[in-house]
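>>> Predicted model, plus sequence, below.
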Amino acid sequence: MKKNISDHTDSVDRSDPTDKQNFYVVKPDETLESISRDLMLENPQYLHEYHNQRCSFLDIIPDDGKLRLLQKLCIPGSREILKMNALIREKGEGLYQQFPNGKIPFNAEAFSGEYKIRQTESDDGVQKSEYAYSIHFNYIKKEENRYCIHFSMSDFTKDGEGLEQKINTLASAFARIIYPVTLVIDESGKFVAAETHQEVQHIINEIEALKKYHQGYYASMHIDQMKDKMADSKNIFSSLKRILPIQFLFGCFYQARYTISGFASPYTDEFSWLAPASPIRMEIVNQTLSEKDSGFLEVLQTGRSVDYRTVEQLFDPDWEYDLLEKPHSKSLSANHSAAYILSAEDFSVQKLKAEFDIQIADYEKSVTFELEKLAG
């Protein structure tokens, strides 16, 4: 909350520290950093110096910046803050990343490249499975305020034997036929549509031909299921929307609006942490950290479920989500955290590490997700 202060345009040059100066009384647990954020001042050291130049000898803030409870702090007016922030930016001394219009810029072309993905699932801290695969993006063009990006997946691996290994081999065959798929991304960075690279019927015929090489009841069942999905373009889009890397990269991340403190206003997004269950609605808060390396920017993300459904309802394919329903005592309880490493040059995601946990019956299930863009 912004401090309630009056505006004195000439207080910066005032020689008498008590003459029409703005003051603020320090409350419990407040610091120069927290007060600077509330004042929208981009570097707390400037508040430190501002106060010490105007206060009495007994009120000088020590070098460690520690404030006293009920200390009377000299603070700048709004016009002074504008001038100070301009100077801070000119000298490159801002501690908080500033974005045009308060949003991280979305650069569709910068997503081209190969990414390695690793996911694990654990029950009560014991790892049960590990998945790994690669995804590929290739920027194609911008058309009518939308970006077209080719997307494909490959190199699937999963812990397991027998039937699971056969299904993994079949998944690789599906990928060779279906991909690349064109992702249509709007100007805000959100995935809004999908298009196949060949006529749908041609793709269905190629999938049907897999029965010659992948025999047995389960293989035939998966082939028929894939044919049904491909028959409807809406199914293609909805299936891709449930892939975690698509959700992390082309969900609502680039739509978040940040304040001067580096925090984004809370927003709601969906994540498929329990696939094949429906995505879980999470309330998300992002925070940008001070740049320790000038080449990269880190964004921390925390989330908590705001989904009214139970775990059982998540796995019900016929359940239709009601946006008017509110969470209740039996609703699922889940938490989510992620750390994005972005290029400071084009704001594309270079690395991402995320974790999720949920209480299911009498055990806790946790899932991890790691993404890394490969060089070259």
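The structure has been received and is ready for your questions.

>>> Identify the single longest strand in this structure, thanks.
Among the elements of the chain assigned as strand by DSSP state E, the one spanning the most residues is strand 126-143.

>>> in its sheet, what does that one sit against?
Note on strand 126-143: by DSSP bridges, its sheet partners are strand 113-123 (antiparallel), strand 146-158 (antiparallel).

>>> closest to His222 out of the ones you listed?
With C-beta to C-beta, the closest approach to His222 among the strands paired with strand 126-143 belongs to strand 146-158: 13.5 Å. All C-beta spots, glycine's among them, are computed from the backbone N, C-alpha and C.

>>> For that closest one, buried residues please.
Neighbour-count burial for strand 146-158 flags 147-153, 156 (criterion: 16 or more other C-beta atoms under 10 Å).

>>> Then stretch 326-339?
Counting neighbours by 16+ other C-beta under 10 Å, one finds that the buried residues in stretch 326-339 are 331-332, 334, 336, 338.

>>> all strands for this structure, in order.
Along the chain, the segments classed as strands by DSSP E run 23-25, 72-74, 113-123, 126-143, 146-158, 181-186, 191-196, 267-271, 280-288, 296-305, 334-343, 349-360, 363-373.

>>> Give me the helices and strands touching the second one, please.
If I follow you right, that is strand 72-74. Under the contact criterion of 3 or more C-beta pairs under 8 Å, 6 or more residues apart in numbering; DSSP states H and E, strand 72-74 touches strand 23-25, helix 44-54.

>>> Return the most buried member of those.
Greatest average neighbour count among those goes to helix 44-54 (a mean of 18), per mean count of other C-beta atoms under 10 Å.

>>> gap between it and the chain center?
Computed by C-alpha atoms, centre = their mean, to the nearest Å, the chain-centroid distance of helix 44-54 equals 35 Å.

>>> What of stretch 358-367?
Distance of stretch 358-367 from its chain centroid, counting by C-alpha atoms, centre = their mean, is 23 Å.

>>> Any buried residues in it, and which?
Within stretch 358-367, the residues that qualify as buried by neighbour count (16+ other C-beta under 10 Å) are 358, 365-367.

>>> quick one: stretch 77-86 to chain centroid distance?
If you compare the mean C-alpha spot of stretch 77-86 with that of the full chain, they lie 31 Å apart, counting by C-alpha atoms, centre = their mean.

>>> Same check on stretch 208-217?
On the basis of C-alpha atoms, centre = their mean, stretch 208-217 is displaced by 40 Å from the centre of the chain it belongs to.

>>> ditto for stretch 246-255
Taking C-alpha atoms, centre = their mean, one finds the center of stretch 246-255 at 6 Å from the center of the full chain.

>>> From start to finish, how long is it in a straight line?
Between the opening and closing residues of stretch 246-255 there is a gap of 15 Å (C-alpha to C-alpha, to the nearest Å).

>>> Averaged pLDDT, it. What do you get?
Model confidence over stretch 246-255, given as mean pLDDT, is 96.

>>> is it true that Ser188 touches Tyr254?
Yes. Counting by C-beta atoms under 8 Å, Tyr254 is a contact partner of Ser188 at 6.2 Å.

>>> okay, and the common contacts of the two?
Taking C-beta atoms under 8 Å, 6 or more residues apart in numbering as the contact rule, the neighbours common to Ser188 and Tyr254 are Phe106.

>>> Between those two, tell me which one has more neighbours.
Tyr254 (19 against 13; other C-beta atoms under 10 Å).

>>> Just list the residues touching that one, thanks.
Going by C-beta under 8 Å, 6+ apart, Tyr254 touches 103-106, 188-190.

>>> Repeat that for Ala354.
Shown here is Ala354, whose contacts under the criterion C-beta under 8 Å, 6+ apart are 248, 301, 336-339, 368-370.

>>> what separates the residue most central in space within the chain from Lys103, distance-wise?
In the chain, the residue lying closest to the centroid (C-alpha atoms, centre = their mean) is Phe253, at 4.4 Å. Phe253 sits 10 Å away from Lys103 when distances are taken as C-beta to C-beta, to the nearest Å.

>>> now the strands paired with strand 126-143 in a markdown table, with distance to Asp29 and mean pLDDT?
Output for those, formatted as a markdown table (distance: least, C-beta to C-beta, whole Å; pLDDT from 0 to 100):
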| stretch | distance to Asp29 | mean pLDDT |
| --- | --- | --- |
| strand 113-123 | 36 | 96 |
| strand 146-158 | 45 | 91 |
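
>>> a markdown table for the ones you listed, including distance to Ser34?
Listed next are these as a markdown table, based on distance: least, C-beta to C-beta, whole Å:
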| stretch | distance to Ser34 |
| --- | --- |
| strand 113-123 | 37 |
| strand 146-158 | 39 |
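
>>> To Ile75, which of those strands lies closest?
Using C-beta to C-beta as the measure, strand 146-158 is the one of the strands paired with strand 126-143 that comes nearest Ile75, at 44.7 Å.

>>> got the CA coordinates for the closest one in CSV?
Taking C-alpha atoms only, strand 146-158 is exported to CSV below (Å, rounded to 0.1, in the frame of the first residue of the first chain):
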residue,chain,number,x,y,z
ARG,A,146,-0.9,-14.0,-34.0
TYR,A,147,2.4,-16.0,-34.0
CYS,A,148,2.8,-19.4,-35.7
ILE,A,149,5.3,-21.7,-34.1
HIS,A,150,6.0,-25.3,-35.1
PHE,A,151,6.0,-27.6,-32.2
SER,A,152,7.1,-31.3,-31.9
MET,A,153,8.1,-33.8,-29.2
SER,A,154,10.6,-36.7,-29.3
ASP,A,155,13.0,-38.9,-27.4
PHE,A,156,10.5,-40.2,-24.9
THR,A,157,11.8,-42.3,-22.0
LYS,A,158,10.1,-43.6,-18.9
